[in-house]
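*Asks:* Sharing a model prediction with you, sequence too.
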Amino acid sequence: MEVLCLIFILLVIVQWYYKTKQVKQLHSYYQKFLESGHVIVERKRSFFSGAILILQLDTAANIKDCILLTGATFFSPWRQFEEVIGKNLLNLREEELHKYQKNVQKVFRKAIQSYNKSNMDALVQNMTISK
């Protein structure tokens, strides 16, 4: 019984270590992206597998850089998602998104919605300020 408890505690410590490492990488990518553009961070949670997307955009919504984390465990690595670099976020069509996993498709849709919402909020704010 003590051996099982010890193994469980060891697994929890290993998981905590790797999750902390992933979060540190997230913050370093986020800070790097903030230095030279607009940043969108979106996530899609799921019971089995999730996705976190970090996009660096220019003022015209062109994707300058993209980092993606997909998977179900803390062993999932961050990877550069080069297929979308150089494309316009607002011009990504459903046909293009269908090439990717479902959780990646959903996180891109959320990113497009977030970008549109932030632009609408900025437009409304500018209209109220100019009155």
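*Replies:* Alright, I've got the coordinates.
*Asks:* Does the residue positioned nearest the centre of the chain belong to a helix, a strand or coil?
*Replies:* Among the residues of the chain, the one closest to the centroid is residue 53, at 1.6 Å (C-alpha atoms, centre = their mean). Taking DSSP: H, G, I helix; E, B strand; the rest coil as the rule, one finds residue 53 in the strand state.
*Asks:* Next, the nearest residue to it once chain neighbours are set aside: secondary structure please.
*Replies:* Sequence neighbours aside, residue 107 is the residue nearest to residue 53 in space, at 4.5 Å (criterion: C-beta to C-beta, 6 or more residues apart in numbering). Every residue, glycine included, has its C-beta placed from N, CA and C. Secondary structure state of residue 107, per three-state DSSP, is helix.
*Asks:* so what's residue 107 up against?
*Replies:* Each residue near residue 107 by C-beta atoms under 8 Å, 6 or more residues apart in numbering is listed here: 42-44, 51-53.
*Asks:* Repeat that for residue 53.
*Replies:* Counting by C-beta under 8 Å, 6+ apart, residue 53 makes contact with 40-43, 66-69, 81, 104, 107-108, 111.
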